[in-house]
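> here are the coordinates; sequence isn't available:
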RNA sequence: CGGGGCGUGGCGCAGCCUGGCUAGCGCGUCUGGUUUGGGACCAGAAGGUCGAAGGUUCGAAUCCUUUCGCCCCGACCA
């Protein structure tokens, strides 16, 4: 391709509004153009990168035995009502009415395709002999994000690979899951991404049933906890906190004292009032677990983790029944249970007898402060078990940077990350709702057991840029680069230079190399700046100086120094270099030392 | 949905507080010339409903009201 024949609108200045590197660089490199908040046009360069990522995903899915199909973005709303997901998705679901003669057809634009694929399978698979099978597609998804942001990282329309496995047994599901997991590792490796696989909330199947693939990056929206010593990694929702021995500090227990704290109902206000740290306060949260009030005690500077609270309720109840609904109690309930308005609840002297679940940190607290269960008052000198006795103690809070690792004696570090993939054992939620059943070898009818597996293709692209750029622009690995080789004739009007450039271009193209020739008649500096900006891995400069010696100058984007190769046979040599790098990605990876250290950074 | 910020040629901005000649500047674009290995120089040119609507005023980019859009922080995120 010739530069002047395509559309690469590079920009010297950063457009207003773009802040993170991937957004800034995609705009400046002429890869994308915004149409509205959360929707972008992919310009030729961006489109090529997206297609390369898509191809890698497709190749690895095919290699893993998944079968490609294509489902429509549009589907009837009734289908989503049957699984309860019109309500579950809420405003995120994009809905519209098609006007047909004499009626309106309510339609949703798919945010994902469990319903559609499950219905398809329910009509076409009825025997254990037809399974296992994994179906996938790579299509646009629609989610009305309440707040699209960060350029291409969070948009309302995005390209997603979604795969669904259909299995006759939990063991079979495990095998499908492992295959997808392994395929994901290959995909992200090939894309040159350094990633972490983290444990995530597992849902109905339980156990080791959900993993997220995360790229550690400063601008990531997700928080993950990672132990560098043993490799344990989990998202913040899921991360467990290890227990450590501790000793009660040898401090005199102060008497319980009621202190007036008029109007102070938040942790911040109370700690300001009592001149103590949030960590010295006990936060008392009243939840409704399937309608029954419970009190949850968390240290003032910690955040409650609802997943952990759910599990604590279960173990306390001693039943296998799941908690369907866990929600913060409304003010009326709080007043009824504690006898005080919202903001003054405490574990000592609640009006109604309520089960108290304490976080493990609570027992270590000495002379703490807590709500007095009376308006405008708090208690100080609160000590357990002298003043109150929790019904049970559990890990109930979100893990934080520096918390003990649950698997070894080291500590967890908190990292920001971009989620690029998710594998999940779904179970029978959709197959039951949509009657996707099969007959087993004993002629018994069962719901099909499903798994689902997603990859955000746009996020691969943006994520790579986030971790692979410098002050001059993007640094692509060969696998994702819009073009693998950029030919830069220094002086376009010079016939000899252009002839050599064109010849090289044609030969590389014929050899199957993605090659771009910058045939713009402008100063060399402009072309070099743009070359660095768009980040093509291998740059070939053709200048009059070099031509006299029969040499070309070549430079990998990530290297400082350029090298020289002979003009004779240059096409063959360059093609060989590109093919080697395609196969191994070693040169790129070798230059990614800063990212390795990023993965392991504290 | 709360909090904050911004809308002025394609891009980045100044002007607004304190209303007043023909709305400026840099980059880009086009023409001609001189240049030509890391974002050249000279001369000329095109390109604007100052986001939109309403109001105040002799007069509004500027003041007031409403509204639309975009960005950031928070809440939310199968």
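Arrived safely, thanks for sending. Everything numeric in this text was worked out from a predicted model, so none of it was measured.

> got a list of what residue A:478 touches?
Applying Cβ atoms under 8 Å, 6 or more residues apart in numbering to residue A:478 gives the contacts A:484, A:537-538, A:578, A:581-582, A:585, A:588. For every residue, glycine as well, the C-beta is placed using N, CA and C.

> can you put those in TSV and add distance to residue A:274?
Formatted as TSV, the contacts of residue A:478 follow (distance: Cβ to Cβ, whole Å):
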residue	distance to residue A:274
A:484	64
A:537	60
A:538	64
A:578	67
A:581	63
A:582	64
A:585	57
A:588	56
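
> so of those residues, which ones are in helices?
A:578, A:581-582, A:588 (DSSP state H).

> what subset of those residues is buried?
Judged by neighbour count, with 16 or more other Cβ atoms under 10 Å as the criterion, the buried members of these are A:578, A:581, A:588.

> quick one: which of those residues is nearest to residue A:412?
Distance to residue A:412, by Cβ to Cβ, is smallest for residue A:588 among these, at 30.0 Å.

> which helix or strand contains the nearest residue to the closest one once chain neighbours are set aside?
Distances taken as Cβ to Cβ, 6 or more residues apart in numbering put residue A:477 closest to residue A:588, at 4.2 Å, once the chain neighbours are dropped. Applying DSSP states H and E as the criterion places residue A:477 outside every helix and strand.

> swap in residue A:308?
With DSSP H and E as criterion, residue A:308 is part of helix A:306-317.

> for that helix, name the packing helices and strands.
In terms of contacts (3 or more Cβ pairs under 8 Å, 6 or more residues apart in numbering; DSSP states H and E), helix A:306-317 is packed against strand A:282-289, strand A:326-328, strand A:356-359, strand A:392-394.

> which of these sits closest to RNA strand B?
strand A:326-328 (9.5 Å; Cβ to the nearest atom of the strand).

> name the surrounding residues that touch the next helix or strand after the closest one.
Scanning the chain past strand A:326-328 towards its C-terminal end, the next helix or strand to appear is helix A:331-338 (assignment: DSSP H and E). By Cβ under 8 Å, 6+ apart, the surrounding residues in contact with helix A:331-338 are A:284, A:286, A:288, A:293, A:295, A:329, A:340-342, A:344-346, A:350-352, A:354, A:371, A:373.

> what residue in the stretch 501-602 of chain A comes nearest to RNA strand B?
Taking Cβ to the nearest atom of the strand, RNA strand B has its nearest neighbour within the stretch 501-602 of chain A at residue A:543, 1.7 Å off.

> just give the nearest non-adjacent residue to that residue, would you?
Among residues not flanking residue A:543 along the chain, residue A:490 sits closest, at 4.1 Å (Cβ to Cβ, 6+ apart).

> RNA strand B versus the one you found, what's the distance?
Here the criterion is Cβ to the nearest atom of the strand, to the nearest Å. By it, residue A:490 lies 4 Å from RNA strand B.

> I'd say residue A:223 and residue A:416 touch.
Yes: under the criterion of Cβ atoms under 8 Å, residue A:223 makes contact with residue A:416 at 6.4 Å.

> between these two, point out the one with more neighbours.
Shown here are residue A:223 and residue A:416; by other Cβ atoms under 10 Å, residue A:223 has more neighbours (18 against 15).

> just the pLDDT for the more buried one.
Confidence per residue is given as pLDDT, and for residue A:223 that number is 93.

> got a list of what it touches?
For residue A:223, the residues meeting the contact criterion (Cβ under 8 Å, 6+ apart) are A:235-236, A:414-417.

> can you give the domain ranges for chain A?
Split into domains by automatic domain parsing, chain A comes to A:31-240+A:415-465, A:257-394, A:470-598.

> is there proximity between the longest one and RNA strand B?
Yes: using Cβ under 7 Å from any atom of the strand, domain A:31-240+A:415-465 comes into contact with RNA strand B via A:34, A:36-38, A:85, A:88-89, A:92, A:111-112, A:143, A:146-150, A:221, A:422, A:454.

> swap in stretch A:529-536?
Yes: using Cβ under 7 Å from any atom of the strand, stretch A:529-536 reaches RNA strand B at A:529-533.

> tell me where the stretch 1-150 of chain A has strands.
With DSSP state E, counting those that start in this stretch as the criterion, the stretch 1-150 of chain A has strands at A:32-36, A:39-42, A:67-68, A:74-76, A:94-100, A:103-109, A:133-142.

> likewise the stretch 301-450 of chain A?
The residue ranges that make up the strands of the stretch 301-450 of chain A, judged by DSSP E, counting those that start in this stretch, are A:326-328, A:356-359, A:368-371, A:377-382, A:392-394, A:413-427, A:437-439, A:445-447, A:449-456.

> ditto for the stretch 501-602 of chain A
Residue ranges of the strands in the stretch 501-602 of chain A, as given by DSSP E, counting those that start in this stretch, are A:515-517, A:538-542, A:551-556, A:563-566.

> hang on, the earlier thing: buried subset of the residues of domain A:31-240+A:415-465 next to RNA strand B as a PyMOL selection?
Command for PyMOL, covering only those of those found buried under the criterion 16+ other Cβ under 10 Å:
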select buried, chain A and resi 34+38+85+89+111+112+143+148+150+422+454
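
> and the residues of domain A:31-240+A:415-465 next to RNA strand B, which of them are in helices?
With helices defined by DSSP H, the entries of those inside them are A:85, A:88-89.

> so for residue A:305, which of the strands of the stretch 501-602 of chain A sits nearest?
When the strands of the stretch 501-602 of chain A are compared by Cβ to Cβ, strand A:551-556 sits nearest residue A:305, at 45.8 Å.

> the closest one pairs with which strands, parallel or anti?
strand A:538-542 (antiparallel), strand A:563-566 (antiparallel) (DSSP bridges).

> want to throw these into TSV with mean pLDDT and mean neighbour count?
Putting those into TSV (pLDDT from 0 to 100; neighbours: other Cβ atoms under 10 Å) gives the following:
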stretch	mean pLDDT	mean neighbour count
strand A:538-542	97	24
strand A:563-566	96	13
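
> what's the closest of the ones you listed to residue A:7?
Using Cβ to Cβ and comparing these, the one that lies nearest residue A:7 is strand A:538-542, at 20.6 Å.

> just how off-centre is that closest one within its chain?
On the basis of Cα atoms, centre = their mean, to the nearest Å, strand A:538-542 sits 36 Å off its chain's mean C-alpha point.

> cool, and stretch A:252-259?
Mean-position distance between stretch A:252-259 and its chain equals 46 Å (Cα atoms, centre = their mean).

> what about that stretch, how long is it end to end?
This stretch, stretch A:252-259, spans 20 Å end to end (Cα to Cα, to the nearest Å).

> list the buried residues of it.
With burial defined by 16+ other Cβ under 10 Å, the residues of stretch A:252-259 counted as buried are A:256, A:259.

> who touches it?
A:274, A:348, A:366-367, A:369, A:372, A:374, A:377-383, A:386-387.

> need the max-distance pair from those.
Across the contacts of stretch A:252-259, the longest distance by Cβ to Cβ is 23.2 Å; it joins A:366 and A:374.
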